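J.: sequence? don't have it. structure:
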């Protein structure tokens, strides 16, 4: 399963708003990963790189959303 598919599944499951789906979509379009790639090491590597060209608040939001998706993937 792709991270995009996982994000959509999560969004439907929690009954998220259209705006939340848009935020998830913008993030996961940057990541051509499979759901199984959502590991702490891979996420940290992405965030380290992202912190060189994204605002700190954006990196924080990405960390939050990726952590949420990683926990959801572990339950699925």
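T.: Happy to help now that I have it. All values reported here derive from a predicted model rather than from experimental measurement. Numbering: from 1, shown residues only.
J.: list the contacts for residue 11?
T.: Contact analysis of residue 11 by CB atoms under 8 Å, 6 or more residues apart in numbering lists 20-21, 24. Heads up, the C-betas are built off the backbone N, CA and C, glycines and all.
J.: torsion angles phi and psi at the residue lying farthest from the centre of the chain?
T.: Taking CA atoms, centre = their mean, the residue of the chain most remote from its mean C-alpha position is residue 52, at 18.2 Å. Note on residue 52: backbone dihedrals following degrees, to the nearest 10 are phi -80, psi -20.
J.: can you give me the pLDDT of residue 32?
T.: The model reports residue 32 with a pLDDT of 89.
J.: secondary structure class for the nearest residue to residue 46 once chain neighbours are set aside?
T.: The shortest distance from residue 46 to any non-neighbouring residue, by CB to CB, 6 or more residues apart in numbering, is to residue 31 (6.8 Å). In three-state terms, and counting by DSSP: H, G, I helix; E, B strand; the rest coil, residue 31 is coil.
J.: how far away is residue 31 from residue 76?
T.: Distance of residue 31 to residue 76, computed by CB to CB, to the nearest Å: 17 Å.
J.: mind checking which of the two has more residues around it?
T.: residue 31 (19 against 10; other CB atoms under 10 Å).
J.: where's that one relative to residue 25, distance?
T.: 11 Å.
J.: same check, this time on residue 58
T.: 15 Å.
J.: can you give me the helices in this structure?
T.: Here the chain has its helices, by DSSP state H, at 3-14, 18-28, 40-50, 56-75.
J.: returning to that earlier point: name the residues contacting each of residue 31 and residue 25.
T.: Shared contacts of residue 31 and residue 25, defined by CB under 8 Å, 6+ apart, are absent.
J.: before we move on, the earlier item: list the contacts of the residue nearest to residue 46.
T.: Counting by CB under 8 Å, 6+ apart, residue 31 has contacts 3, 37, 46.
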